[in-house]
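J.: build me a structure from this.
(one chain, ligands or ions: 2)
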Amino acid sequence: MKEFHVNTEIFFGERALDRLAGLSFDRVLIIADPFVVSSGLIHLVTSRLEEGHLSYELFTNVVPDPPIDKVIDGVATVLASCPPCLVAVGGGSAMDTAKAIRTFAGRIKPGYRPHLIAIPTTSGTGSEVTRFAVITDPEAGRKYPLVSEELIPDEAILDEELVKSVPASVTADTGMDVMTHALEAYVSKNNNEFSGALAEKAVEIIGQFLYRSYSNNQDTHARRKMHIAACLAGLAFDSASLGLNHGMAHQLGARFHIPHGRANAMLLPYIVEYNTGIGPTTRSQGDYPPCVRRYCNMARILGVSNINEVTTVRSLISYIHFMNEEMLIPKTVSEATGGAVTQEEYEAALDAMADAALADGCTATNPRTPTKEEIIQIYRKIW
Ligand SMILES: NC(=O)c1ccc[n+]([C@@H]2O[C@H](COP(=O)([O-])OP(=O)(O)OC[C@H]3O[C@@H](n4cnc5c(N)ncnc54)[C@H](O)[C@@H]3O)[C@@H](O)[C@H]2O)c1
Ligand SMILES: [Fe+2]
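T.: Ligands and ions are numbered 1, 2, ... in the order given. Presented below is the predicted three-dimensional model:
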């Protein structure tokens, strides 16, 4: 038996933030990315809360790739006043911090489960609707995807006014994260008709609107569409889970601080090549693994399908390289770290990174089961 649920109420489109004025809580704790506060974007949220006569406090001890100690700090803050509602405002890092804080606060104080509203300010992770929260252990140099229904936010608010300030490089990284979510969910061992429909729609929107969002951050229509695509892809992988791309990208983030979406984008063409077994010298054949047909469906949606399965998969791989190049995403770890990591250091880390990627919860649903040596080979392709 399979199941499909959308557990989060979603408010989206023009003036979606007006939803906040209609809340019936007396007070809320806002858990926000510090940029959202320093840039003044937070007023788009707080003005609505004031309109609805809700009092609020702010917690801004949020950093990219949230480490365990920030979550512990947040749990202490929340338990000090036990607000009935938490409002997370920021990218995946702020939303994951808030999701983990709520869950751990509930473990310490049984029965305490505040309402959680997630308001993304990047169009990327889909964290506003997922059961995932990715927490970093900086000492071990590892990222752990926590997976539990308890983590799912109760409401998500998608308002494109919050993403217009996102700079081009973050639009590129987070947009390619959405692409990776959609493709990984689509070929996942757990894919189903519902997750497939959501992933296909997300990819259709990415094909039309990611580059438009990247080239003009004030393009309201493109921004709104990409904000919705991120959420659709989030719903897709919430149901189908992800794959090796994310399992490997988590290690690049934890060890070398490569932004999450950028790490995914750098790996994505090589993961498609690995999963399909189709490379530059592959000839057309009669029998393909099932994921080949599914990647070909996505190539068709993107308008890059070709004569047969082999050339279509290769067109898809070229399309991903092309998007990365057009949006100035680094091709290699060496480029992405600005020379701060030497090849010797990278080589020395590969063994532990491959072990961690194999153990990562996302890798289990990859359509092809990788060996440690194969993972090391893929990591070498992006040196
Ligand atoms: N929970 C999930 O389902 C899930 C899925 C994928 C990734 N993740 C995790 O989410 C994190 C990445 O999230 P992200 O890609 O959204 O990045 P992020 O939240 O780390 O933010 C990236 C940068 O963008 C800035 N920023 C955020 N909003 C902005 C805005 N409106 N204007 C200008 N700058 C803005 C932030 O200050 C930060 O410097 C990683 O830890 C990743 O592992 C979670
Ligand atoms: Fe992701």
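
J.: return the residues in contact with the residue of the stretch 201-350 of the chain found nearest ligand 1.
T.: Relative to ligand 1, the nearest point of the stretch 201-350 of the chain is residue 260 (3.8 Å; CB to the nearest ligand atom). Bear in mind the C-beta positions are built from the backbone N, C-alpha and C, glycine included. Counting by CB atoms under 8 Å, 6 or more residues apart in numbering, residue 260 touches 65, 92, 124, 125, 134, 173, 177, 249, 253.

J.: which residues touch residue 319?
T.: Residue 319 neighbours (CB under 8 Å, 6+ apart): 299, 302, 304.

J.: who touches the closest residue to residue 102 other than its chain neighbours in this structure?
T.: The shortest distance from residue 102 to any non-neighbouring residue, by CB to CB, 6 or more residues apart in numbering, is to residue 116 (5.3 Å). Residues in contact with residue 116, defined by CB under 8 Å, 6+ apart, are 85, 86, 88, 98, 99, 102, 153, 154, 155.

J.: ok, now with 10 Å
T.: Neighbour list for residue 116: 8, 31, 85-88, 95, 98-99, 101-103, 128, 151-156 [criterion: CB atoms under 10 Å, 6 or more residues apart in numbering].

J.: now intersect those with the helices, please.
T.: Counted as lying in helices by DSSP state H, out of these, are 95, 98, 99, 101, 102, 103.

J.: what sits closest to residue 127 if chain neighbours are left out?
T.: Residue nearest to residue 127 in three dimensions, not counting chain neighbours: residue 95, with 4.1 Å by CB to CB, 6+ apart.

J.: what about that neighbour, how many residues close to it?
T.: Residue 95: 32 surrounding residues under other CB atoms under 10 Å.

J.: that one against residue 119, yeah?
T.: Yes: proximity of residue 95 to residue 119 meets the contact threshold set by CB atoms under 10 Å, at 8.2 Å.

J.: if you rank the ones in helices among the contacts of residue 116 by neighbours, which is first?
T.: residue 98 (34 neighbours).

J.: so which of the ones in helices among the contacts of residue 116 reach ligand 1?
T.: Counting by CB under 6 Å from any ligand atom, the subset of the ones in helices among the contacts of residue 116 that neighbours ligand 1 is empty.

J.: JSON lines please, covering the residues you listed and showing pLDDT.
T.: Converted to JSON lines, these look like this (pLDDT from 0 to 100):
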{"residue": "95", "pLDDT": "98"}
{"residue": "98", "pLDDT": "98"}
{"residue": "99", "pLDDT": "98"}
{"residue": "101", "pLDDT": "98"}
{"residue": "102", "pLDDT": "98"}
{"residue": "103", "pLDDT": "97"}
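
J.: what does the stretch 51-200 of the chain put close to ligand 1?
T.: So the stretch 51-200 of the chain meets ligand 1 at 64-65, 90-94, 96, 121-122, 124-127, 130, 132-134, 162-163, 165-166, 170, 174, 177 (CB under 6 Å from any ligand atom).

J.: so of the residues you listed, which ones are in strands?
T.: Of these, the ones assigned to strands by DSSP state E are 90, 132, 133, 134.

J.: quick revisit: buried ones among the residues of the stretch 51-200 of the chain next to ligand 1?
T.: Buried members of these, scored by 16 or more other CB atoms under 10 Å, are 64-65, 90-94, 96, 121-122, 124-127, 130, 132-134, 162-163, 166, 170, 174, 177.

J.: show me which residues of the stretch 251-383 of the chain sit near ligand 1.
T.: 260, 261.

J.: so who does the spatially closest residue to residue 238 that is not a sequence neighbour touch?
T.: Closest residue to residue 238 apart from its sequence neighbours, by CB to CB, 6+ apart: residue 130 at 4.4 Å. By CB under 10 Å, 6+ apart, the contact list for residue 130 reads 7-8, 92, 95-96, 99, 118, 145, 147, 151-153, 156, 181, 231, 233-239.

J.: okay, and the helix or strand of the protein with the least pLDDT?
T.: Least confident element among the helices and strands of the chain, by mean pLDDT, DSSP states H and E: strand 142-147 (a mean of 88).
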